[in-house]
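Chemist: model this:
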Amino acid sequence: MIGDRPVTRRELMKGTGERGGRCFVAHAGIVYDVTDCPKWRTGLHEQLHFAGQDLTSEIAEAPHETDVFLRPCVHRIGPLID
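Modeler: Purely as a prediction, here's the structure:
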């Protein structure tokens, strides 16, 4: 199921994984829940990227393509709104 619930920037920024919370990241205007992904469990991915952020400008330097957002552990929440 594709998520279509709008997510505000403030809500995205709260998705840091702290205190057992969910880990959210955004890319290209879409917010994803990456909580179930092993490499995001601490809220820090590969010692480089923090949950709760828009990673659009950083994906070009990643060792993977945008198809990473299609992995089973990644759940689309919906569009990022201001």
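Chemist: I'd like to check which residues are in contact with residue 72.
Modeler: Shown in contact with residue 72 (Cβ atoms under 8 Å, 6 or more residues apart in numbering): no residues. Where C-beta positions appear, they are placed from N, C-alpha and C, glycine not excepted.
Chemist: how many neighbours does residue 26 have?
Modeler: If you count neighbours by other Cβ atoms under 10 Å, residue 26 ends up with 21.
Chemist: now the closest residue to it other than its chain neighbours: how far from residue 28?
Modeler: In space, and not counting its chain neighbours, residue 26 is closest to residue 54: 4.2 Å by Cβ to Cβ, 6 or more residues apart in numbering. According to Cβ to Cβ, to the nearest Å, residue 54 and residue 28 sit 9 Å apart.
Chemist: So for these two, which sits in the more crowded spot?
Modeler: Taking other Cβ under 10 Å, residue 54 and residue 28 do not tie; residue 54 has more neighbours (17 against 11).
Chemist: For the more buried one, give me its contacts.
Modeler: For residue 54, the contact set (Cβ under 8 Å, 6+ apart) comprises 9, 12, 25-27, 80.
Chemist: quick one: which two of those residues are the most distant?
Modeler: 9 and 27 (13.9 Å; Cβ to Cβ).
Chemist: Look at those two and report which has more neighbours.
Modeler: Per other Cβ under 10 Å, whichever of residue 9 and residue 27 has more neighbours is residue 27, with 17 against 14.
Chemist: Does the more buried one have any beta-bridge partners, and if so which?
Modeler: residue 30 (DSSP bridges).
Chemist: Model confidence for it, exactly?
Modeler: What the model reports for residue 27 is a pLDDT of 95.
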